[in-house]
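Participant: let me see the structure of the following:
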Amino acid sequence: MSLLSLIAAFVLEQIRPHGRRGFGPMWFARYANLLVKHYNAGERQQGVIAWILAVAPWLVLSMGVYFIAVEIHPALGWIWNVVVLYFTMGFRRFSHFFTGITEALQAGDLARARDFLAEWRAESTGEYSGSEIAKVSIEEGLVSTHRNVFGVILWFLVLPGPAGAIFYRAAANLYVRWGQRVDDEYREFGHFARRAFSIIDWIPARATAITFALAGDFEDAIECWRSQAVAWSRADEGIVLASGAGALGVRLGETLHHHGTVSFRPELGMGNEADAPSMVSAAAMIWRSVLIWLVLLTLATIMLAF
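Facilitator: This is a model prediction of the structure:
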C-alpha cells in the first residue's frame, strides 16, 4: 500500500499541482502564529509546549482517520494516504521557480532570473551575479527536494498511515518559522524547534546525501560530505548540499553579494562555477534520485511479499 500511495501521489501532483505553498497553508500558519502569540515569552519551556501543541493534534488526527478508514475498507485508508502525501510531498511547490530561473539564465535574462529567485526565497537578490543566482537556486533545489520528497517518504514509511509525512513536514515547517529565527524573541523560544528537527532529520539527511552520491559522482560526493559539510552553519543541511555539490561536480556556497556587502560562506563541492547547465544537471540528478528511491521501495515491497 505504501509504494502505491507514493506513486499515486507523485502522478497526481504532476497532473494537477496544488500550488507552490505546499504543506503549511494559511490555516497552519495562523495556528502557529496563534501559538506564538499565546506562548512565546522568550523561554525554552514555552517553545517546547508550543511545538507539541503545533504537531501532536495533527499527528493524532491523521492516525485516527487512517485507522477508522482502514476499518471501514482498506481502499479508504489508501485514499487517505494519497491525499495527505499529495499535500505534503512533491516537486511542484518549487519546480516552477527552478525551471523559470533556468530558462531565464539560458536566455541571458538576469533580471527575470533574479525576480524568480527573490520570490522563491522571499529576499533581495538584486545584486546576485548569474553564477550566484544559479548557485543559490541549486542549493535551494537540493534542500527543497530533501525536505519535500525524501524526508517525507522516509517518515511516511516509519509511522502508521500518513502520520509520518505530517510529522516531518510539520517539524520542518516549525523549524523554518521558529527555529531559524535569530532575533531575541525567538532565540530561546525556537530552541526546541531547532533541536527537534535536527533529531528528526538526522537519518533523512544522510539518506538523501547517499542518494545524491549514487545518482552522481559517488567518490566526489562522499569526499565533499566528509570534508566540507561540517563547516556549513546548519549541519544536516550541509550534508545534503555538500554531497549534492560533489555529485554534480559544481561549487556551491562561497560568496554572495547583497545589500552592498559580500557575505562569505564555506565552499561546498568542487569543479566549475554554477551556471544554467549546472541547473539542468541538478534537475536531472534529482529525478535520478527519485527513481533510485522508487526502485529500492519496489524491491523492498517485492521481498516483503515473499
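Participant: residue contacts, the closest residue to Y86 other than its chain neighbours?
Facilitator: Leaving aside its chain neighbours, Y86 sits nearest to A9 (4.9 Å; criterion: C-beta to C-beta, 6 or more residues apart in numbering). Using the backbone N, CA and C atoms, a C-beta is placed for each residue, glycine as well. A9 makes contact with N81, V82, L85, Y86, M89, G90, according to C-beta atoms under 8 Å, 6 or more residues apart in numbering.
Participant: from the residues you listed, which two are the most distant?
Facilitator: Spatial extent of the contacts of A9 (C-beta to C-beta) is set by the pair N81 and G90 at 14.1 Å.
Participant: mind listing the strands for the stretch 201-306 of the chain?
Facilitator: 250-258, 261-269, 272-273 (DSSP state E, counting those that start in this stretch).
Participant: quick one on the thing from earlier: so the residue nearest to Y86 is in which element?
Facilitator: In the assignment (DSSP states H and E), A9 maps to helix 2-15.
Participant: mean confidence score for the next helix or strand after that helix?
Facilitator: Sequence order places helix 26-39 as the next helix or strand after helix 2-15, per DSSP H and E. On average, the pLDDT along helix 26-39 is 85.
Participant: same question, stretch 216-235
Facilitator: For stretch 216-235, mean pLDDT is 93.
Participant: now do the same contact list for the residue nearest the centre of the chain.
Facilitator: In the chain, the centroid-proximal residue (C-alpha atoms, centre = their mean) is R147; its distance is 2.1 Å. Going by C-beta under 8 Å, 6+ apart, R147 touches R169, A172.
Participant: in the stretch 201-306 of the chain, which spans are helices?
Facilitator: Using DSSP state H, counting those that start in this stretch, the helices of the stretch 201-306 of the chain run over residues 202-215, 218-228, 235-248, 276-305.
Participant: distance of the residue nearest to Y86 from V70?
Facilitator: Using C-beta to C-beta, to the nearest Å, we find A9 at a distance of 18 Å from V70.
Participant: likewise for E267?
Facilitator: Distance of E267 to V70, computed by C-beta to C-beta: 50 Å.
Participant: return the most buried member of the helices of the stretch 201-306 of the chain.
Facilitator: Among the helices of the stretch 201-306 of the chain, helix 235-248 has the highest mean neighbour count (mean count of other C-beta atoms under 10 Å), at a mean of 28.
Participant: okay, now the unreliable bits of the stretch 1-150 of the chain?
Facilitator: Applying pLDDT under 70 to the stretch 1-150 of the chain flags the ranges 1, 18-26.
Participant: swap in 90 and give it another go.
Facilitator: Where the stretch 1-150 of the chain drops to pLDDT under 90, the residues are 1-33, 36-43, 87-96, 119-127.
Participant: show me the helices in it, by range?
Facilitator: 2-15, 26-39, 44-72, 74-88, 92-106, 110-121, 130-145.
Participant: tell me the most buried of those helices?
Facilitator: helix 130-145 (a mean of 23).
Participant: show me what that helix is packed up against.
Facilitator: For helix 130-145, the packing partners by 3 or more C-beta pairs under 8 Å, 6 or more residues apart in numbering; DSSP states H and E come out as helix 92-106, helix 110-121, helix 235-248, strand 250-258, helix 276-305.
Participant: for G179, find the nearest of these.
Facilitator: helix 235-248 (11.8 Å).
Participant: which helices and strands sit right next to the closest one?
Facilitator: With contacts taken as 3+ C-beta pairs under 8 Å, 6+ apart, helix 235-248 sits against helix 130-145, helix 202-215, helix 218-228, strand 250-258, strand 261-269, helix 276-305.
Participant: would you list those in JSON lines and tack on distance to I52?
Facilitator: What follows is the helices and strands packed on helix 235-248, written out as JSON lines (distance: least, C-beta to C-beta, whole Å):
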{"stretch": "helix 130-145", "distance to I52": "26"}
{"stretch": "helix 202-215", "distance to I52": "20"}
{"stretch": "helix 218-228", "distance to I52": "33"}
{"stretch": "strand 250-258", "distance to I52": "35"}
{"stretch": "strand 261-269", "distance to I52": "34"}
{"stretch": "helix 276-305", "distance to I52": "30"}
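Participant: closest to Y31 out of those?
Facilitator: Proximity to Y31 (C-beta to C-beta) singles out helix 130-145 among the helices and strands packed on helix 235-248, at 22.9 Å.
Participant: show me how far the closest one is from its chain's centre.
Facilitator: Remark: helix 130-145 is offset 13 Å from the chain centroid, using C-alpha atoms, centre = their mean, to the nearest Å.
Participant: which helix or strand lies directly C-terminal to it?
Facilitator: Later in the chain than helix 130-145, the nearest helix or strand by DSSP H and E is helix 151-158.
Participant: which other helices and strands contact that following helix?
Facilitator: helix 2-15, helix 74-88, helix 163-174, helix 202-215.
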